[in-house]
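Enquirer: Quick check, what structure comes out for this input:
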Amino acid sequence: MVVVRDGRVIAERYAEGIGVNTPLVGFSMTKSVVSALIGIMTRQGLTSPSLPAPIPEWRASSDPRREIEVGHLLRMTSGLALDETNSGFDPSSQMVFLRDDMASFAVQAPLMAPPGTRWHYSSDTTEILAKIIRDAVGGPEQTLAFAWRELFNPLGMRDVTLEFDAAGTLQGTAYMLASARDWARFGLLYLHDGEVGGKRILHEDWVDYSAAATLDTDYGAGFWTNRSEHRSAVTRVRLGIPRDAFFAAGDLGQRVVIIPSQHLVVVRLGDSTDPTGDVRGFARLVKEVIAATGA
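Expert: Model prediction:
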């Protein structure tokens, strides 16, 4: 656990054998990092959420998937038949465990709904974004260089590991590792509206875009959000996580929560067997941090 207020670490605690430089897996918090890389590319004019997704397999004039925009992939409203159910037989399980070229598998999916009209959680759509990043910057080595040059180094993140599939595409769905302090540095980028040290990293509208709810859900663009009327967001607010909060979240309770109104970033990494990732325990942590800091 790491707590950062006003840009300073004010509390942290580690399990035995874990320290400030230990890389820890973020699972689906990796999706938030992929979203950040798309936000950097948007600032640089390399892409935009409103542009058609640059997937060659979808370019035929008769292919309805040509209507899928980058923003639909970010918000998981592509309409593709890629619903994630964790059954072991769903497209996400097939992609991660059975496919050497994960993105090539994902882009073959047919439409099941018009883009932008239906939301369902889907790791596969994030992997398509990873392909878009790879193709835009020139390949796997260039992807790694881009991430370090444009994101990790400016933020001071040092203990980071990115993983790639067998085809050389960033495994953007789950397997980035970083130290708890590095995950906090990532959260600070969003707390500071996409800037670090006076330098703009993300597109100027990217933080608000990322935290804005999609359709009637509590999911934004690569982040979960309390800025929603969805029952899950309402419950989190009732439990003590402020209304303006949004967060990266991964399996087993990995979380980086950004709370602009409190000038806080709270990181929780560990192993929770609770099906919700112990959202109540995490909410208690946030509530007690706010009370203790007088924020």
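Enquirer: which other residues reach stretch 144-153?
Expert: Here stretch 144-153 makes contact (CB atoms under 8 Å, 6 or more residues apart in numbering) with 33, 36-37, 40, 133, 137, 157-158, 160, 162, 170, 182, 201. No exception for glycine: its C-beta is placed from N, CA and C like everyone else's.
Enquirer: can we see that at 10 Å?
Expert: Under the contact criterion CB atoms under 10 Å, 6 or more residues apart in numbering, stretch 144-153 has outside partners 33-34, 36-37, 39-41, 43-44, 46, 133-134, 136-139, 142, 154, 157-160, 162, 164, 168, 170, 176, 178, 182, 185-186, 189, 196, 201-202.
Enquirer: Let me know the helix or strand that the most centrally placed residue in the chain is in.
Expert: Centroid-nearest residue in the chain, with CA atoms, centre = their mean: Ser32, separated by 1.5 Å. Take DSSP states H and E as the rule and Ser32 turns out to sit in helix 29-43.
Enquirer: From the contact counts, what lies against that helix?
Expert: For helix 29-43, the helices and strands in contact under the criterion 3 or more CB pairs under 10 Å, 6 or more residues apart in numbering; DSSP states H and E are helix 70-74, helix 123-137, helix 140-147, strand 177-178, helix 180-191, helix 206-211, strand 246-250, strand 254-259.
Enquirer: any idea of the angle it forms with helix 123-137?
Expert: If you take axes from the mean of the first three to the mean of the last three CA atoms, to 10 degrees, helix 29-43 sits at 40 degrees to helix 123-137.
Enquirer: With only the CA atoms kept, save helix 29-43 in CSV.
Expert: Extracted in CSV, the C-alpha atoms of helix 29-43 (Å, rounded to 0.1, in the frame of the first residue of the first chain):
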residue,chain,number,x,y,z
MET,A,29,-4.4,-2.1,-14.5
THR,A,30,-2.3,-2.6,-17.6
LYS,A,31,-5.3,-1.6,-19.6
SER,A,32,-5.1,1.9,-18.0
VAL,A,33,-1.5,2.1,-19.1
VAL,A,34,-2.5,1.2,-22.7
SER,A,35,-5.2,3.9,-22.5
ALA,A,36,-2.4,6.4,-21.4
LEU,A,37,-0.3,5.4,-24.4
ILE,A,38,-3.3,6.1,-26.7
GLY,A,39,-3.6,9.4,-24.9
ILE,A,40,0.0,10.3,-25.7
MET,A,41,-0.5,9.3,-29.3
THR,A,42,-3.6,11.5,-29.4
ARG,A,43,-1.6,14.5,-28.1
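Enquirer: now that helix, how far from the chain's geometric center?
Expert: Mean C-alpha position of helix 29-43 versus that of the full chain (CA atoms, centre = their mean, to the nearest Å) differs by 7 Å.
Enquirer: and it, what's its mean pLDDT?
Expert: In this model, helix 29-43 carries a mean pLDDT of 98.
Enquirer: Many thanks, have a good one.
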